[in-house]
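Visitor: pasted the sequence and its predicted model underneath.
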Amino acid sequence: MTDTPKDLDELRQRIDELDGDILRLISERAACAQRVAEIKTVEDPQAVFYRPEREAQVLRRIMALNQGPLDSEEMARLFREIMSACLALEQPIKVAYLGPEGTFTQQAALKHFGESALSMPMAAIDEVFREVEAGAVNYGVVPVENSTEGVVNHTLDSFMDSSMRICGEVVLRIHHHLLVAETTRRDKVSRIYSHPQSFAQCRKWLDAHFPHAERVPVSSNAEAARLVKTEWHSAAIAGDMAAKLYGLTRLAEKIEDSPDNSTRFLIIGNQDVPMSGEDKTSIVVAMRNQPGALHDLLEPFHRHQIDLTRLETRPSRSGVWNYVFFIDFKGHCEEPRVAAVLEEVQLRAAELKVLGSYPVGVL
Ligand SMILES: O=C(O)C(=O)C[C@]1(C(=O)O)C=C[C@@H](O)C=C1
C-alpha cells in the first residue's frame with residue numbers, strides 16, 4: 001500500500017481501488033477453476049469436481065497466512081464462499097441434508113459447502129443415505145454426535161447397511177435461542193416447542209426461567225419455529241437459521257447449558273478422498289463375542305501410537321455378532337502405519353469396514 005489515506009473520501013477511493021483489484025483477482029481465480037474442470041474432464045469423463053482434501057488445504061493455508069485484522073476463521077469463511085462459487089462454475093453441487101429447512105444440519109451443510117451449493121432437505125437420515133446412493137444428489141450431510149447429548153444412533157446404524165463413504169466432517173457450535181413471533185404475548189408463554197435433544201441441552205436454563213411452561217417435543221427445531229408462528233402463547237427453542245426462516249425474534253439468546261455445545265456432522269458420498277495432511281479415518285468393526293475382544297481390537301492402535309478420537313458401541317443388527325464398534329482415529333488409510341493397523345485389525349475382527357479417510361474439519 002502507498003501512503004496511508006487520511007480522510008473519508010480518500011479511504012473510500014482506496015476501498016474502490018481495492019475492490020476493483022479483488023474483483024479482478026476473484027475472476028482470474030474462477031477462470032483457473034474452469035480450466036481445472038476442463039483438465040479433470042479430459043482426464044476422466046466421470047471426473048469428480050469436488051475435492052475435499054484440496055479445499056481443506058486451501059482453507060488451512062489461508063488461515064496460516066492471515067495476519068489480520070480479520071480473524072483467521074472469518075477469512076477462511078470468505079474463501080469458503082469464493083471456492084464454493086468456483087466449484088459451482090465447474091459443476092453445481094447438490095447436497096441432501098437432514099431437514100426440514102432451517103435445521104442445524106442445513107447450517108452445517110452450508111458451512112461446509114458454502115452458499116453456492118444447492119441444499120435439499122430430507123425427512124430422515126436414511127433418506128439422506130438413499131438419495132446419495134441413488135445418485136440423486138452428490139453428497140449428504142448427517143449429524144453424528146453432540147458434545148452434550150452423545151451419539152446419533154440413526155446415523156451409525158445407516159452406515160451398517162450402506163456402501164457410502166465419509167468424505168468430510170464439519171463441527172458446528174450450537175447456540176439455542178428462545179424464539180417468539182411478533183404476535184406472541186411475551187409475558188404469557190405457557191408452551192415451548194423444540195426437538196428433544198435441544199430440550200436436553202437447555203434443561204437447566206428452562207428449569208430456572210420457565211419451570212411451569214409445557215415442553216412439547218417435536219421432530220425438529222425448525223418445526224418448533226414453524227408452530228410458534230400460529231400460537232400467541234408459545235415459544236420455540238431453535239437456532240439462527242430457523243429464526244430467520246420463520247421471522248422470529250430472540251426472547252433469550254444462547255440458552256444452552258453448556259457454553260461449548262457443539263455437534264459434529266459427516267459428509268457422505270461415494271468417493272475416496274486422498275490425503276490432505278491432517279486427516280481422520282472412520283471404521284466399523286464387528287468382533288467375535290469372546291473375552292478380551294475389545295482389548296484385542298484396540299491393542300494395535302496403542303502399539304502404533306495412533307490417536308483414537310472416538311469409540312462407540314452399537315448392537316449388531318445381523319444377530320451373528322453381538323456388538324459392532326465405530327472407531328474414529330487420526331491419520332489416513334494411505335499412511336503406512338495406518339495401513340499396518342488396519343491389516344492387523346482385519347485379522348482379529350469378524351468384519352471390518354473402512355467408512356473413509358477424510359480431512360479433519362477446518363472451519
Ligand atoms: O483444485 C481443484 O481441483 C479445483 O477444482 C479448484 C477448487 C478451488 O476453487 O480452489 C474448486 C473446487 C474443488 O473442490 C477444490 C478446489
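Guide: Yes, it's here.
Visitor: neighbours of the residue nearest to E278 when sequence neighbours are not counted, just the number please.
Guide: Closest residue to E278 apart from its sequence neighbours, by CB to CB, 6 or more residues apart in numbering: V360 at 4.9 Å. Heads up, the C-betas are built off the backbone N, CA and C, glycines and all. Residues lying near V360 (other CB atoms under 10 Å) number 16.
Visitor: please tell me how far V360 sits from the ligand.
Guide: 17 Å (CB to the nearest ligand atom, to the nearest Å).
Visitor: enumerate every residue touching that residue.
Guide: The contact partners of V360, by CB atoms under 8 Å, 6 or more residues apart in numbering, come to A56, E169, E278, D279, K280, K330.
Visitor: next helix or strand past the helix or strand bottoming out on mean pLDDT in the chain?
Guide: Least confident helix or strand of the chain, by mean pLDDT, DSSP states H and E, is strand 150-151 with a mean of 78. Next in sequence after strand 150-151, counting helices and strands by DSSP states H and E, comes helix 153-160.
Visitor: return the list of helices and strands in contact with that following helix.
Guide: helix 125-134, strand 139-146, strand 279-286, strand 308-315, strand 323-330 (3 or more CB pairs under 8 Å, 6 or more residues apart in numbering; DSSP states H and E).
Visitor: now what about that helix, what contacts it?
Guide: For helix 153-160, contacts defined as CB under 8 Å, 6+ apart pick out 124-126, 129, 142-144, 266, 284, 312, 314, 317, 324, 326, 353, 355.
Visitor: now with 6 Å?
Guide: I125, D126, F129, V142, V144, R314, F326, L355 (CB atoms under 6 Å, 6 or more residues apart in numbering).
Visitor: for the stretch 51-200 of the chain, which residues are neighbours of the ligand?
Guide: R51, R54, E55, V58, M83, C86, L87, E90 (CB under 6 Å from any ligand atom).
Visitor: what's the burial count for the third one?
Guide: So the one you mean is E55. Using other CB under 10 Å: E55 sits among 22 other residues.
Visitor: mind checking pLDDT for whichever residue of the stretch 101-250 of the chain sits closest to the ligand?
Guide: Nearest residue of the stretch 101-250 of the chain to the ligand: F113, at 9.4 Å (CB to the nearest ligand atom). Looking at F113, its pLDDT stands at 97.
Visitor: same deal with D3?
Guide: 57.
Visitor: G319 too?
Guide: We have a pLDDT of 65 for G319.
Visitor: weed out the non-buried ones from the contacts of V360.
Guide: Buried members of the contacts of V360, scored by 16 or more other CB atoms under 10 Å, are A56, E169, E278, D279, K280.
Visitor: give me phi/psi at R14?
Guide: R14 adopts backbone torsions of phi -60, psi -40, taken as degrees, to the nearest 10.
Visitor: what's the burial count for it?
Guide: Neighbours of R14 (other CB under 10 Å): 15.
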